[in-house]
Every structure is written in C-alpha cells, then in structure tokens.
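1. I'd like to go over a predicted model; first the sequence, then the structure.
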Amino acid sequence: MTTAENAQAAEAQVDANRLRKLQLAGILSGFAAGAWLGAAEAPTKLVNLGISPVIISLLMVSGVFLARWTLPALIRGTAQIHADARQAPHLILWGVLAGCLWAVANTLTVYAIRDIGLSIAFPLWNLNSLLGIFWGWLLFRELRGAETRRLWSVLGGAVVMFFGATMLAFASSTQSGGAAAARGIVSALAAGALWGTMYIPYRKAYLSGMNPLSFVAFFTVGELGMMLTLALVETGSAASLLSQLAAARDVLFWLMLGGFVWVIGDLFQQYAAKYLGISRGIPLSNTNQLWGLLWGVLVFGELHGRSAAHSAKIVGGSLLMAAGAGAIALASVTRGEHANWREAIEREVTRYGIGRDYAKSAITGEADDASVGRSWLDWLFLAFTSGVFAYLAAVARTPQIALHWPALILLSLASLLVLGGAALSLYQTTRFR
C-alpha cells in the first residue's frame, strides 16, 4: 500500500471513529430528551384543579421563553445566536414557524391529559415519530443508502409503534365517558401531527449547520406570539387574561418550571435530531412515553383502582411503542446514508447561499474556533431568570394533588443522571456545537 493510500485509509478510520462518537452522543441525547420531556408534562396535571388548559399552556410557554434564552447564554453565550443568524438568516423564519406549531400542539396535549390522563396521552401523541420518519425520507434523504436490515428495522419499529398506539387507544376508550375519551384521543393525535410536521424546520436548520442553542432561541418568538393569541381568543380580552393569570398566581412557579424543564429535554432532542436525523432521533426521544407512564402511574397514581386487564393494555401498549422506537433509533446511520445527507446539505447550501464550511458542521459536529465568552447581556439573562423563579417560588403553594414523594424523588434523580451522561458526551464530542 502506498503512502497516499495509507493516509487515505487512516483518514477514513478517523471519520468512522468520529461517526461512532457522534451517534453515541446522539443516542444519549435522545434518552436524556425522553427523560426530561417526560418530566416536563407532570405540572400539567394541575389542569385537574380547574385552571384553563390555554392558561396552563401559556404559563408553560412563558417558562419556555425564559429557558430558551437563558440556557444558550449559560452554555455558549448569546454571541453564538448572532453569528448563526448572520450565516443563515432564512432559518429565523423557519424557527418562528416551528414555534407556532409547537404552541398549538402543546395546548392540545393539555386537553388530552385532562380527558384521558398523562400515561395514555403520551404514547398517542408520540405517533409524531411516524411523521418524522416520512418527512426525513421524503425531504432530507434520510434512510437513502441505508443497509437493508437497518431500513427494515426502522420500518418494523414504525409498525410496532402503530400497534402499541392502537392498543392504548382501545384502553383509553374505556377509561372515561365516550365523548371525553374521544376528545382526548383526537387532541393527542392532532398534537402528534403538528409536532411531526414541526421537525421539518428542525432538520433544515441542522443540515444548514445552525447550532441547536441558536435555533431554540428563534423558536420562542413563534411560541410566545401564538400562545398569547390563543389565550386572548380564549379569554376574550386582555383584562380577562390578566385576571385569570392573577387567579393562578399560587401555581405560576410550577407551570413555568414545567416549561423550563421541557426546554432542557427539547435541547437534547434537537441534538439527537442533528446527529441521528429526525427518522431516528425523534423516535428515540419519544421514550418520554415511558417516563410519562412512570410519572403518571408511580407519582400521580393514574391507574389506581383500574382492572388488571385495563392496566395490562396500557403498560403493554407503552412497551410496544418503546420497543418500536428503540428498533428505529438503534438502526445506526451508515457511511452510505451519510453520503446522502451530504447531498441534502449541498441542496440547502445552493438554495440559500450558506457557506460550505459552516454547513459542514451539520454532520461532523466539529467545534468552531470562535470564542464562547460571556457578555454582560448573558449575565443579565441569567440574573433576570433566576430572580423571576426565586420570586415565584416564594409565593407558590404546593398543589393539592396526591403525590407519591419517594417515586418523585427517585424519578428526579434518574433524570439528572441521564442528563449528566448526555451532557458529558456532547461536551467531549462537540463542545455543544
């Protein structure tokens, strides 16, 4: 073998090693996303106290807004956001659109939780995985060039998820009155459809090289704007909206905290989508359905008093959907499929005039040389958010809902452990690029 051939083989080996590290970081990010997205929905159980689902969603989005600007300031500094906006300004509009879709979907999930419960609603709206697979294949050349066994693993996983969701739908139809159950099912499925479509802007952003920390900041404009519009339509006037917010003063902390926790999960979901693609990253993050089941059953006692057959349907359906998601997510991306990703990146580069070096980071995850120092604006974000949550915590009261505290503590510790592993892997591999 010549010197040139040896060098070429060494370079290929480095690329293969890099690909394995990125996929490991993506898989761990997907698991962390599942844990934190699952935990974030727990505060929406407050809907049982008579608070309007739209008000709950608005307050969660307020927490999301604070988190989406504070976490980027903490991790890399807001200078990264400005640099990304300069490189790919068209993605600002895509981010706003994604935020609008998320706001409507999140509101629908609150209705679903009210009507059919957290442990059942989760798996139903997680059918967004199927849409993610379809959009990834149709628009972004995902699964093109994949080995046959990996392709069948993804498709087989999708079929298993479908049967799991069907089992849950039948179980939910016997949990409450027919109209309430049907309304809850429709709300959960509609939320899944909106979230599945929302992943199109995600993938466009990351094929273009944008940092997930920047994209989620643009996301907030659409989220908050859409939720304010929905809340004003629901309440009829600004005065009525303010009156309802004042009435919910004692629980503002918990709902906004739910939004903050959701953003942590969503950030990891974004990294999973970036390094695994939406056809794999989204199903893996949808392990939040198991976390939702654990929170609903162990902490809130949702299945207490139900028959063994009813509980078996719910647990069996959730496990089926989780198994399908696992089969999809663990069908690793091959070098042949990566070549097709590069074609999709080239299309974005040509269409929008993005710099090729900038877009290259979409699949390499290489840390840039730019300084990640903090400015006074970053520290202002951190101080303001800390002050808001400290004040709300001081005036909050513990919701009058029966909780199993040992289970709550154990689930919280497990979520922190998963987060730590994923964050360490991302930092070592990409420096959060």
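-> Cool, got the structure.
2. what's the nearest residue to residue 72 if we skip its chain neighbours?
-> Spatial nearest neighbour of residue 72, excluding adjacent residues (CB to CB, 6 or more residues apart in numbering): residue 213 at 4.0 Å. Glycine gets a C-beta too; all of them are placed from N, C-alpha and C.
3. Next, the buried residues of the helix or strand containing residue 222.
-> Assigned by DSSP states H and E, residue 222 belongs to helix 212-235. Residues 212-224, 226-228, 230-231, 234-235 are the ones in helix 212-235 that count as buried (16 or more other CB atoms under 10 Å).
4. Determine the set of other helices and strands touching that helix.
-> In terms of contacts (3 or more CB pairs under 8 Å, 6 or more residues apart in numbering; DSSP states H and E), helix 212-235 is packed against helix 53-75, helix 79-87, helix 90-116, helix 178-207, helix 238-247, helix 252-276.
5. Okay, the nearest residue to residue 143 once chain neighbours are set aside and residue 38: tell me how far apart.
-> Leaving aside its chain neighbours, residue 143 sits nearest to residue 137 (5.0 Å; criterion: CB to CB, 6+ apart). According to CB to CB, to the nearest Å, residue 137 stands 27 Å off from residue 38.
6. next one: residue 393
-> 23 Å.
7. cool, residue 323 as well?
-> From residue 323 to residue 38 the distance is 17 Å (CB to CB).
8. neighbour count winner among the two?
-> For residue 323 versus residue 38, neighbours defined as other CB atoms under 10 Å are more numerous around residue 38 (28 against 15).
9. OK, contacts around the more buried one?
-> 122, 265, 287, 288, 289, 290, 291, 292, 294, 295 (CB atoms under 8 Å, 6 or more residues apart in numbering).
10. Dump those residues to a markdown table, plus distance to residue 112.
-> Formatted as a markdown table, the contacts of residue 38 follow (distance: CB to CB, whole Å):
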| residue | distance to residue 112 |
| --- | --- |
| 122 | 9 |
| 265 | 18 |
| 287 | 19 |
| 288 | 14 |
| 289 | 13 |
| 290 | 17 |
| 291 | 16 |
| 292 | 11 |
| 294 | 18 |
| 295 | 15 |
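11. Alpha carbons of stretch 424-433, as PDB, please.
-> Extracted in PDB, the C-alpha atoms of stretch 424-433 (Å, rounded to 0.1, in the frame of the first residue of the first chain):
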ATOM      1  CA  LEU A 424     -20.800  15.000  29.200                       C
ATOM      2  CA  SER A 425     -20.800  13.100  25.900                       C
ATOM      3  CA  LEU A 426     -22.000  16.100  23.900                       C
ATOM      4  CA  TYR A 427     -19.300  18.300  25.500                       C
ATOM      5  CA  GLN A 428     -16.500  15.900  24.900                       C
ATOM      6  CA  THR A 429     -17.500  15.200  21.300                       C
ATOM      7  CA  THR A 430     -18.800  18.500  20.000                       C
ATOM      8  CA  ARG A 431     -18.400  21.200  22.700                       C
ATOM      9  CA  PHE A 432     -22.200  21.600  22.200                       C
ATOM     10  CA  ARG A 433     -21.800  22.500  18.600                       C
END
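12. buried ones in it?
-> Residues of stretch 424-433 classed as buried: 425, 426, 429, 430, 432, 433 (neighbour count, 16+ other CB under 10 Å).
13. and it, how far from the chain's centre?
-> In terms of CA atoms, centre = their mean, to the nearest Å, the gap separating the centre of stretch 424-433 from the centre of its chain is 18 Å.
14. next one: stretch 272-283
-> Worked out by CA atoms, centre = their mean, stretch 272-283 lies 11 Å from the chain centre.
15. List the contacts of that stretch.
-> Contacts of stretch 272-283 (CB under 8 Å, 6+ apart): 22-23, 25-27, 29-30, 33, 128-129, 132-133, 135-137, 140, 142-143, 154, 157, 161, 196, 199, 202-203, 206, 212, 269, 284-285, 324-325, 328-329, 331, 333, 341, 362-363, 365.
16. From one end of it to the other, what's the distance?
-> Distance between the two ends of stretch 272-283: 10 Å, counting by CA to CA, to the nearest Å.
17. Of all residues in the chain, which one is nearest the centre?
-> Geometric centre of the chain, nearest residue: residue 266, 3.4 Å, by CA atoms, centre = their mean.
18. hang on, the earlier thing: closest to residue 70 out of the buried residues of stretch 424-433?
-> residue 432 (14.8 Å; CB to CB).
19. SS state for that closest one?
-> Here residue 432 takes the coil state, with states given by DSSP: H, G, I helix; E, B strand; the rest coil.
20. That one contacts residue 425, doesn't it?
-> No: counting by CB atoms under 8 Å, residue 432 stays clear of residue 425, with 10.8 Å between them.
21. got a list of contacts for stretch 205-216?
-> Outside stretch 205-216, the residues that reach it (CB under 8 Å, 6+ apart) are 68, 71-72, 75-76, 80-81, 83-85, 87-88, 91, 94-95, 140, 202, 263, 266-267, 270-271, 273-274, 341, 344-345, 348-349, 352, 354, 358-362, 432-433.
22. List only buried entries from those residues.
-> 68, 71-72, 75-76, 80-81, 83-85, 87-88, 91, 94-95, 140, 202, 263, 266-267, 270-271, 273-274, 341, 344-345, 348-349, 354, 358-359, 361-362, 432-433.
23. In contact with residue 124: list those residues for me.
-> So residue 124 contacts 112, 116, 165, 168, 169, 172, 185, 188, 189, 192 (CB under 8 Å, 6+ apart).
24. From the residues you listed, keep the buried residues only.
-> Buried by 16+ other CB under 10 Å: 112, 116, 165, 168, 169, 172, 185, 188, 189, 192, out of the contacts of residue 124.
25. List the contacts of the residue nearest to the centre of the chain.
-> Taking CB under 8 Å, 6+ apart as the contact definition, residue 266 lies against 33, 37, 216.
26. Dump the buried residues of stretch 424-433 into a markdown table; add distance to residue 59 and pLDDT as well.
-> Below are the buried residues of stretch 424-433 laid out as a markdown table (distance: CB to CB, whole Å; pLDDT from 0 to 100):
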| residue | distance to residue 59 | pLDDT |
| --- | --- | --- |
| 425 | 33 | 95 |
| 426 | 29 | 93 |
| 429 | 35 | 91 |
| 430 | 33 | 89 |
| 432 | 28 | 89 |
| 433 | 32 | 84 |
